[in-house]
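>>> got a predicted structure here, sequence first:
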Amino acid sequence: MSNLQAFLKRKNIEISAKRYGIDALSAMANGLFASLLIGTIINTMGTQFHIPFLTNPVATVAGTDYTVGGLASAMSGPAMAVAIGYALQCPPLVLFSLVTVGFASNALGGAGGPLAVLFVAILTSEIGKAVSKETKVDILVTPLVTIGVGIGLSALIAPALGAAASAFGQMIMMATVLQPFLMGILVSVLVGVALTLPISSAAICAALQLTGLAGGAAVAGCCAQMVGFAVMSFRENGVGGLVSQGIGTSMLQMPNIIKNPRIWIAPTLTAAVTGPIATCLFRLEMNGAAVSSGMGTCGLVGQIGVTSGWAAELAAGTRSAITATDWIGLALVSFVLPAVLSLLIHAGVRRLGWVRDGDMKLN
């Protein structure tokens, strides 16, 4: 047993919930952002501003035309796998081999590809690290083992993982359509909480392919957390804190939440209110990339995802126009209500003496 522990330590293989559930998941979200999400934004910019270079095909692969944004989106599997490998501190040959593994697991995982990439990339990374530099022909052995194991695992488990994630996501979306009020609350609160925790709400939404009405509720919950913490802590953190939390991440407040969990009451209750407003009143849907559902106001990605879905519906003929109500609903759910409600609820929490000045000060 001691020999195994020594080997794992030497190979930097740390089997822990933090490394796999936080580090790897957060890195996967960054990989998604740098590929699928950026590709979606580029396509939206090209369509909205009529930029030919961004709307015309720039490459044709196996009979399929790709725009600039399309090429970026097509690389989401490799980008996620390499990001996960980077988070797990893989040696170079393992890291580079994960490009192929990510492509295979994402393709075989279908609609639930991101979840398949997460599992396959973690397992393959650790196996690749175990064999790395153990032979004199490392340049051959490490890529062969990493790619062989990765593709084998992809063929074995990716379809099942993808199908399971897709089915679960579909169940959530169907339940939200059938029970928009209750599910609006549940999805908004849970995804919003996940955004603030040191895990990735974006990766969760992508893995479950959470779009439609449920995606709209997820956007509402994320905005409630980000905008809520930004305005609530303005007296402590000023403009810098407003920007870093409002269009950055509410995860910055996690150390303060650990010290005083009651600072989390206002944004979480706000999410419970804005979620059903999004689903029941404005019928806000995320018909862009699923990863956008878990981004909230981070770089305005959630809002870009919603508007890109509108643009796609217009192009497909399933939407006749983007109305003033659509824009008002998006603005209220994303910015106005999170700011106003969180401040009101937070004022009540302060009167109870549960939160005091300095409790939300960022280091």
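Now that the structure is in, tell me what you want to look at.

>>> drop to CA atoms for contacts and neighbour counts, all remaining ones
Will do.

>>> so which residues of the chain form strands?
59-61, 64-66 (DSSP state E).

>>> nearest to residue 321, out of these?
strand 64-66 (27.0 Å; C-alpha to C-alpha).

>>> run me through the strand neighbours of that closest one, direction for each.
strand 59-61 (antiparallel) (DSSP bridges).

>>> got the contact list for the strand it pairs with?
65, 66, 67 (C-alpha atoms under 8 Å, 6 or more residues apart in numbering).

>>> neighbours of the nearest residue to residue 190 once chain neighbours are set aside, how many?
Distances taken as C-alpha to C-alpha, 6 or more residues apart in numbering place residue 221 nearest to residue 190, at 7.7 Å, with adjacent residues excluded. Neighbourhood size, residue 221 [other C-alpha atoms under 10 Å]: 40.

>>> also residue 115?
Quick note: residue 115 (other C-alpha under 10 Å) scores 30 neighbours.

>>> so what pLDDT did it get?
At residue 115, the pLDDT value in this model is 85.

>>> kindly report the same for residue 362.
87.

>>> got a list of what it touches?
Applying C-alpha under 8 Å, 6+ apart, the residues contacting residue 362 are 236, 237, 241, 252, 253, 256.

>>> PyMOL command for the buried members of these?
In PyMOL, a selection of the buried entries from these looks like this (16 or more other C-alpha atoms under 10 Å):
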select buried, resi 236+237+241+252+253+256
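
>>> residue 101 is nearest to which of the strands of the chain?
strand 59-61 (19.6 Å).

>>> and the average pLDDT for that closest one is what?
89.

>>> stretch 339-354 too?
96.

>>> that older thread, so the residue nearest to residue 190 touches residue 276, yeah?
No - contact criterion C-alpha atoms under 8 Å: residue 221 and residue 276 do not qualify, at 10.0 Å.

>>> what touches both of these two?
Common neighbours of residue 221 and residue 276 (C-alpha under 8 Å, 6+ apart) do not exist.

>>> list the contacts for residue 159?
Residue 159 neighbours (C-alpha under 8 Å, 6+ apart): 108, 109, 110, 116.

>>> and the first one, how far from residue 114?
When C-alpha to C-alpha, to the nearest Å is the yardstick, residue 108 and residue 114 sit 10 Å from each other.

>>> next one: the lowest-mean-pLDDT helix or strand in the chain to chain centre, how far?
Taking mean pLDDT, DSSP states H and E as the measure, helix 38-48 is the helix or strand of the chain with the lowest mean score, a mean of 79. Remark: helix 38-48 is offset 18 Å from the chain centroid, using C-alpha atoms, centre = their mean, to the nearest Å.

>>> can you check stretch 243-259 too?
Distance, centroid of stretch 243-259 to centroid of chain: 16 Å (C-alpha atoms, centre = their mean).

>>> over to stretch 106-118?
So, by C-alpha atoms, centre = their mean, the centroid of stretch 106-118 is 14 Å from its chain's centroid.

>>> pull the number of nearby residues for the residue lying closest to residue 175 once chain neighbours are set aside.
In space, and not counting its chain neighbours, residue 175 is closest to residue 183: 6.8 Å by C-alpha to C-alpha, 6+ apart. Neighbours of residue 183 under the rule other C-alpha under 10 Å: 24.

>>> how far away is residue 332 from residue 46?
Taking C-alpha to C-alpha, one finds residue 332 at 27 Å from residue 46.

>>> show the pLDDT at residue 205.
At residue 205, pLDDT is 88.

>>> contacting residues for it?
Here residue 205 is in contact with 215, 290, 291, 292, 293, 294 (C-alpha under 8 Å, 6+ apart).

>>> mind putting the residues you listed in CSV, pLDDT and neighbour count included?
Shown next, in CSV, are the contacts of residue 205 (pLDDT from 0 to 100; neighbours: other C-alpha atoms under 10 Å):
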residue, pLDDT, neighbour count
215, 94, 36
290, 86, 25
291, 83, 29
292, 87, 35
293, 91, 36
294, 89, 34
